[in-house]
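Undergrad: coordinates only, sequence not included:
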């Protein structure tokens, strides 16, 4: 006698459009809030060399170059969080930046403020996972196209 019971087919991860409208709106709101935080509260003080940022980077010995570099990375990530094809990559990159911020808080500042990057990583990783469906679209856009030879 043969076994007619077939194993169930794997269920693909839900796409953004398969989620209920309320979840899509909530996820978009989280992205906008994260983008605003990274652009205004985090990147802006670095990019305008506000004393709070400049003093911190000077204390670490990273100087203006380090401050501006981190500010540009944060601002770029903030903008990319709002671009559909870049959302997952941006959230992942900002999460990696937060790992670095956590390590810096532990090593240079004895853990003072170390919880902030960890707290920010939670919604960033949620966005990265929820928007991962866009990664294939990004790969397709970045894939080199074959050249057509003439003549």
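TA: Structure received. Since we're looking at a predicted model, the values are computed, not measured.

Undergrad: Show me where the chain dips below the pLDDT cut-off.
TA: For the chain, the stretches flagged by pLDDT under 70 are 1-18, 151.

Undergrad: so where do the helices sit in it?
TA: Secondary structure of the chain (DSSP state H): helices located at 21-36, 44-47, 51-60, 63-80, 87-108, 115-130, 134-142.

Undergrad: Quick check, central residue of the protein?
TA: Nearest to the mean C-alpha position of the chain, counting by Cα atoms, centre = their mean, stands residue 91 at 1.4 Å.

Undergrad: Report the separation between that residue and residue 82.
TA: Going from residue 91 to residue 82 by Cβ to Cβ, to the nearest Å gives 11 Å. Where C-beta positions appear, they are placed from N, C-alpha and C, glycine not excepted.

Undergrad: cool, and residue 34?
TA: In this structure, residue 34 and residue 82 are 10 Å apart, going by Cβ to Cβ.

Undergrad: Between these two, point out the one with more neighbours.
TA: In this comparison of residue 34 against residue 82, neighbours counted by other Cβ atoms under 10 Å, the higher total goes to residue 34 at 22 against 16.

Undergrad: what's near enough to touch that one?
TA: For residue 34, the set of contacting residues under the criterion of Cβ atoms under 8 Å, 6 or more residues apart in numbering consists of 78, 81, 91, 94, 120, 123, 124, 127.

Undergrad: switch to 6 Å and redo it
TA: Residue 34 makes contact with residue 81, according to Cβ atoms under 6 Å, 6 or more residues apart in numbering.

Undergrad: So it versus residue 139, what's the distance?
TA: Taking Cβ to Cβ as the measure, residue 34 and residue 139 are separated by 24 Å.

Undergrad: what do you get for residue 49?
TA: Relative to residue 139, and taking Cβ to Cβ, residue 49 is found at 37 Å.

Undergrad: Comparing those two, which shows the higher neighbour count?
TA: Summary of the neighbour comparison: residue 49 and residue 139, criterion other Cβ under 10 Å, with residue 49 having more neighbours (14 against 10).

Undergrad: ok, the more buried one - contacts?
TA: The neighbourhood of residue 49, defined by Cβ under 6 Å, 6+ apart, contains no residues.
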